[in-house]
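[1] The sequence and its predicted three-dimensional model are supplied below.
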Amino acid sequence: MSATEMKRRDFLKTGAALGGGLLLSLYVPEWAVAENVHEATPLTPGIAPFKPNAFIRIGTDNLVTVIVNKSEMGQGVYTSLPMLVAEELEADWSKIRYEPAPVDPAYNHTVFGMQMTGGSTSTASEWERFRKAGATARIMLIGAAAKNWSVDPASLRAENGFVINPATSARASFGSLADVAATMTPPKDVPLKDPKDFKLIGKPTRRLDTPDKINGAAQFGLDIALPGMMTVLIARAPVFGGKVLSFNADKTKAVPGVKDVVQIPSGVAVIANGFWPAKQGRDKLEISWDDGPNAALSTTSMREQYSALAKTPGLVARKVGDPTKALAAAAKTITAEYEMPYLAHAAMEPLNCVVDLRSDRCEIWTGTQFQTGDRAAAAATAGLKPEQVMVHTPYLGGGFGRRANPASDFVIEAVQVAKAAKAPVKVVWTREDDTRGGWYRPMWYDHFAGGVDAKGIPVVWTHTIVGQSIMAGTPFESFGIKDGIDGASVEGAADLLYGIPNLQVDLHTPKIGVPVLWWRSVGHSHNGFAVEAFFDELAHLGGKDPYELRRMLLADQPRMRAVLDLVAQKGDWGKPLPAGRARGIATHFSFDSYVGQVAEVSVDKQGVVTVHRVVCAVDCGRVVNPDTVKSQMEGGINFGLTAALKCEITLDRGRVQQRNFHDYQMLRMNEAPQIEVYIVPSTEKPTGVGEPSVPPVAPAVANAIFAATGKRVRKLPILKVDLG
Amino acid sequence: MINLKVNGKQLNVDVDPNTPLLWVLRETLALTGTKYGCGMALCGACTVHLNGEAIRSCVKRVADAAGKEITTIEGLSADLSHPLQKAWIEIDVPQCGYCQSGQIMSAAVLLAENSAPTDNDIDEAMTGNICRCGTYSRIRQAIHRAAEMKRSTT
C-alpha cells in the first residue's frame, strides 16, 4: 500500500475516534458501514474481494483471513480470536489464516479507546465484536448465494465454509461467493448463536501459530531486516535521569563496521552495519555522565523509608466497620510486614525497534502492546502526523507489560536515532540494557494488623501499602487514579473478597526516580502475595485450617468458593504427603477471574525450596480455547514462581545491580513443578486469562513453606530468605 | 573469508573472525530462527548444532565453527517432520515462541543420543534453555512424546 493510500484511509477515520488522549466512552466501530471498510495490506496470498469489515477478508481461494487487532505475545490471540469469527461465520477451520492489524481506529480496544493489548482483556473485549464480524460475513455470503440461486436467504444455511441449500443440496464455497458477497449490503441486525450451538468455542483447538514457531519462520521484531538498515546500540545513563556531559568516540569510530556515533537525549548511539560492530563500538565509548537527581538512590535506604511510612496511616482506599476498636477488642492480634522488590519483565526477546524514517512518512516494526500510543509518540518525535506513521506488529517474544509503555520509551528513542542516522535503523537492546532499563514492577512494602475473636474467626484486618504509582503522569491517570489512590496499587487488596467485618486498606505513594510499569498481573502481583500470606497467618492465629477458614469467609462469593473447593479437592488438601513435604493454599481474584492454587513444597536442610507440584483451578467465565487457558495458567504459575523464588532488582548509588540471567535468574526446567489445571465450567461472560494465575502462586508456596518449616516467608524473593 | 557449512550448504562469509556465530547466522546469512537472548550462554535461545553437538552460538567465534557441520532450526527438517516438531505441534508447546528454536535444538541432541530420556535426562539436557513463558511442562511432555514417536518408527 502506498503512503498516499494509507494517509487517505487513516484520514477518513481518525478525526472522530482519536482526540489525542484516551477515550473513556465505549468506542463502537462503524465497521459495517461501507465507507469504513478497512483495507489492510494483505500479508497472506490470494485474491480477496470480500472484505465485510475490518476483521475479515475472504478470498476466491476460499481462505478466510482474520485480521487480529491484538498483539500475539504468547497468549494465543492469533487462535482464540479467529475462533470467534469462525464460529459465527461457519467457516472451515482449516481455511482460517490470521494477520496482525495495522494501526487504525477500527481496531481500538472496545473499552480503552486505543489500539492495545493488555489487562487480560483481549477475549473479554472482543467476545462480541469478533463474533458479530463473523456473523455479518456469514449473512452476506448467504445473501450472495440466495441472489445467485434466486431463492429466499432464509432457506439457506452456512456450514464448514459452504453455503448450502438443503432443499436442492446445492453447495457454494465461500470463495466462489466472495465477489457477489462484496456487493451485498451489510445487515444491521446481527443475531448471534445460542452458546449451546457452539461447534468451535469451548473445544481445545491447536494454535495456528505453532508451526511458524518451531521451524524458524516466525518473525519477531528483532528478526526484521530492511535494505541498507543499520544496527544501533545505545549507551544509556547508568543512573535513571542521568545525562551525557561529554563523550569521546574516537576508539568507537575506529571499529570496522561502525558508521556513526550520535548523541540522543537518553545517551550515545552507535550506528553500525551489524550487532557485533555496534557492540564492540559501544564498549569502547568514553562517556562522562551527569548522574542527576537519582545519583544516591538505593533500595536499602528506600526500604527504611517505606518501612517507616508503612507504620503510619495512608490515604484510605477502603474502610468497613471500626478497625481501631475491633483491634482493641479482638481476642488475639498480630502484625506483620511484607516486602517485595522491583522486578524486570525480562521477556526472552530483548527490546528492539526498527524505524524507516523518510521526509513524509515513517514505518516502524516493533513488538508493541500499545500501537496507538507508540504511533502518536513516533509521529511527535519525527515531526509527522500520526497518519504518516505506520506501525507493523510482528510476533512479540514476550510482553508481560514491558511492551505497553505509555511513555513509548523504546519507540521514541529509535525514532530519535533514525533522525540522526539518515538510514533505516534497528535499535537493539542487549540483555543487560533490558535488565537495567527500568520500567519495573514497583518495589512494595506492606504493614498488616489483624485480629480474631474468641472462636478464632478473623474480625479485623488493616493493610497499609507503600509503593510507587504506575499510572501517575500517564494518560491513564484520569481514570486510574481517584482521590490520590492509584487503583493499580490497591487492586487485590481493597477488593478483598473475604467477609471480615472491620477492614481498612490504605496507601502511601512515594515519588521515586525509578520508572515503573505494569508487570504481568500488575498490583495483584504484589497484593496477591501479601494478602493471601497474611490471611494464612490469621488462620493459624485462630487455630483454623487455612482452606476451611477461606471457605467460611467466602460464604457470599459462590464463584470463588467453588474454585477453592475444586482446587482443595484436586490438590488433595488434608491428605497425607511424603515426609518432608507440605501444602499451601491461596486464592486470588483478578482481571474478573477467580483462581485458586495448592502448592506442594519441601525445604532441605540448607533451606533450599523445591516446589514439586502446583494444582490450579480457574473460573474465567466461558472459555474459548480450553487448551490456551491451561497453557496460560501453567505459564503464569511459572512466571509467578520465578518472581517468588528468585528475582529482585536492587539499586545502589543509583545504579541497577543486576545485569543478565546470572544475577537476574529465571526458573529453569529442573525447577519447574508439575502443574495441573482445572477449569470450572461456566456460562458467564469470558474474563481474564493471561494474568490471573500469577498472583496466587507466591502465597501458596510461602504458606506451604510455613507448613513445612514453621517459618514465615514475608519477603520475596524466597532465595534471599534464610530457611536453613 | 571464512568457509561455513550451514544446513548442508557451503558458504563463504566475509566477517570479523571474532564475531559470534549467532550474528553471522542471523545477519549475514538471514537465518533468523536462531535467537539472541543473553549473549553469555545463559539462556540457550541461540542453540545450534556444531558437528552434532548443541552449542550456544552467541559465545562461539565464527572462526571456530569454520569447516564444521552447522545445523540451525531451519535445517532441522524441511517440512516439520522431525519427531520433535511433530510432538511440539501435538502438545502445542510454544507460547510467545521466541525460545522454542533453542529448546528444540537442545532437545534434538538429547534425542539423537538417548532414545528414551528420563525426566532427569531432560532436566540435564534442557536446564540451559530458559522459557520465560513457562512452557516447561509441555516441553518435557513433548520430548517424551517425540522419543516415543522416534522409537516406534525405528
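    Yep, it's here.
[2] Spit out the contact partners of whatever residue of the stretch 151-300 of chain A ends up closest to chain B.
    Closest contact between the stretch 151-300 of chain A and chain B, by Cβ to the nearest Cβ, is at A:Gly216 (2.0 Å). Where C-beta positions appear, they are placed from N, C-alpha and C, glycine not excepted. By Cβ atoms under 8 Å, 6 or more residues apart in numbering or on different chains, the contact list for A:Gly216 reads B:31-34, B:72-74, B:101.
[3] show me where pLDDT drops low in chain A?
    A:1-46 (pLDDT under 70).
[4] Kindly apply the preceding question to chain B instead.
    For chain B (pLDDT under 70), the answer is B:154.
[5] Might you report the residue contacts of the residue nearest the centre of it?
    Centroid-nearest residue in chain B: B:Met105, 2.2 Å away (criterion: Cα atoms, centre = their mean). The contact partners of B:Met105, taken as Cβ under 8 Å, 6+ apart, are B:47-49, B:54, B:71-73, B:76.
[6] same check, this time on A:Met140
    Taking Cβ under 8 Å, 6+ apart, one finds A:50, A:52, A:181, A:184, A:186-187 in contact with A:Met140.
[7] What's the local residue count around the nearest residue to A:Met443 once chain neighbours are set aside?
    Closest residue to A:Met443 apart from its sequence neighbours, by Cβ to Cβ, 6 or more residues apart in numbering or on different chains: A:Tyr342 at 4.7 Å. A:Tyr342 is flanked by 25 other residues according to other Cβ atoms under 10 Å in any protein chain shown.
[8] Please identify the helix or strand for the residue lying closest to A:Arg659 once chain neighbours are set aside.
    Take A:Arg659 and drop its neighbours on the chain: the residue closest to it by Cβ to Cβ, 6+ apart is A:Glu432, 4.8 Å away. In this structure, A:Glu432 sits in helix A:431-436 according to DSSP states H and E.
[9] Over to B:Gln85?
    helix B:83-91.
[10] do A:Ala145 as well
    Assigned by DSSP H and E, A:Ala145 falls in helix A:122-149.
[11] downstream neighbour of that helix in the secondary structure list?
    Assigned by DSSP H and E, the successor of helix A:122-149 is strand A:157-159.
[12] May I see the buried residues of that following strand?
    If you call a residue buried by 16 or more other Cβ atoms under 10 Å in any protein chain shown, then strand A:157-159 has these buried ones: A:Ala158.
[13] Which neighbouring elements make contact with that strand?
    helix A:122-149, strand A:162-165 (3 or more Cβ pairs under 8 Å, 6 or more residues apart in numbering or on different chains; DSSP states H and E).
[14] if you set the cut-off to 6 Å instead, what comes out?
    Helices and strands touching strand A:157-159, as assessed by 3 or more Cβ pairs under 6 Å, 6 or more residues apart in numbering or on different chains; DSSP states H and E, are absent.
[15] any idea how far that strand is from the chain center?
    The chain centroid and the centroid of strand A:157-159 are separated by 37 Å under Cα atoms, centre = their mean, to the nearest Å.
[16] which SS state does A:Gly373 fall under?
    For A:Gly373, the assignment made with DSSP: H, G, I helix; E, B strand; the rest coil gives helix.
[17] and it, what is it in contact with?
    A:406, A:408 (Cβ atoms under 6 Å, 6 or more residues apart in numbering or on different chains).
[18] For it, give its distance to A:Pro256.
    Separation of A:Gly373 from A:Pro256 (Cβ to Cβ, to the nearest Å) stands at 39 Å.
[19] Which single residue in chain B comes nearest to chain A?
    B:Gly33 (2.0 Å).
[20] what about A:Val355, which SS state?
    From three-state DSSP, the assignment for A:Val355 is strand.
[21] Tell me the helix or strand right after the strand or helix carrying A:Ala326.
    Using DSSP H and E, A:Ala326 falls within helix A:323-329. Using DSSP H and E, the helix or strand that follows helix A:323-329 in sequence is strand A:332-340.
[22] Could you tell me how far that next one lies from the centre of the chain?
    For strand A:332-340, the distance to the chain centre is 30 Å (Cα atoms, centre = their mean).
[23] List the buried residues for that strand?
    Of all the residues in strand A:332-340, those buried under the rule 16+ other Cβ under 10 Å are A:333, A:336-340.
[24] and of these, the nearest to chain B?
    A:Met340 (19.2 Å).
[25] my read: that closest one touches A:Asn527, true?
    No: with contact defined as Cβ atoms under 6 Å, A:Met340 does not reach A:Asn527; the gap is 9.7 Å.
[26] can you list the domains in chain B?
    Residue ranges for the domains of chain B, per automatic domain parsing: B:2-75, B:83-153.
[27] For A:Arg714, which of these is the nearest?
    domain B:83-153 (25.0 Å; Cβ to Cβ).
[28] Span of that closest one from start to end?
    The straight-line separation of the ends of domain B:83-153 (Cα to Cα, to the nearest Å) is 10 Å.
[29] Also stretch A:413-428?
    11 Å.
[30] List the buried residues in that stretch.
    Neighbour-count burial for stretch A:413-428, counted by 16+ other Cβ under 10 Å, picks out A:413-421, A:423-428.
[31] Find the pair from the residues you listed with maximum spatial separation.
    Among those, A:Lys419 and A:Val428 lie farthest apart (Cβ to Cβ), at 17.9 Å.
[32] between the buried residues of stretch A:413-428, which is nearest chain B?
    A:Val428 (7.9 Å).
[33] so what's the closest one bridging to?
    Beta-bridge partners for A:Val428, by DSSP bridges, are A:Asn352.
[34] Would you confirm that it contacts A:Leu351?
    No: look at A:Val428 against A:Leu351 with Cβ under 6 Å: they stay out of range, at 8.2 Å.
[35] Torsion angles phi and psi at the residue of the stretch 151-300 of chain A closest to chain B?
    The phi/psi pair for A:Gly216 (degrees, to the nearest 10) reads phi 90, psi 0.
[36] go on, A:Ala308?
    The phi/psi pair for A:Ala308 (degrees, to the nearest 10) is phi -70, psi -40.
[37] and if you look at A:Lys243?
    Main-chain torsions, A:Lys243, degrees, to the nearest 10: phi -130, psi 150.
[38] Now it: closest residue in space, sequence neighbours ignored.
    Leaving aside its sequence neighbours, A:Lys243 sits nearest to A:Asp290 (Cβ to Cβ, 6+ apart; 4.7 Å).
[39] ok, now how distant is the residue nearest to A:Pro626 when sequence neighbours are not counted from A:Thr79?
    Leaving aside its sequence neighbours, A:Pro626 sits nearest to A:Pro204 (Cβ to Cβ, 6+ apart; 5.0 Å). Between A:Pro204 and A:Thr79 the computed distance is 11 Å (Cβ to Cβ).
[40] now A:Val615
    Distance, A:Val615 to A:Thr79, by Cβ to Cβ: 26 Å.
[41] between these two, which one's more packed in?
    Using other Cβ under 10 Å as the criterion, A:Val615 and A:Thr79 rank with A:Val615 on top: 27 against 24.
[42] Distance from the helix or strand hosting that one to the middle of the chain?
    Following DSSP H and E, one finds A:Val615 within strand A:609-619. Relative to its parent chain, strand A:609-619 has a centroid offset of 21 Å by Cα atoms, centre = their mean.
[43] May I see the buried residues of that strand?
    A:609, A:611, A:613-619.
[44] that older thread, so what does the helix holding A:Ala326 touch, helix or strand wise?
    Using 3+ Cβ pairs under 6 Å, 6+ apart: helix A:323-329 touches strand A:458-467, strand A:502-508.
[45] The last one: how far from the chain's middle?
    Relative to the centre of its chain, strand A:502-508 is centred 27 Å away, using Cα atoms, centre = their mean.
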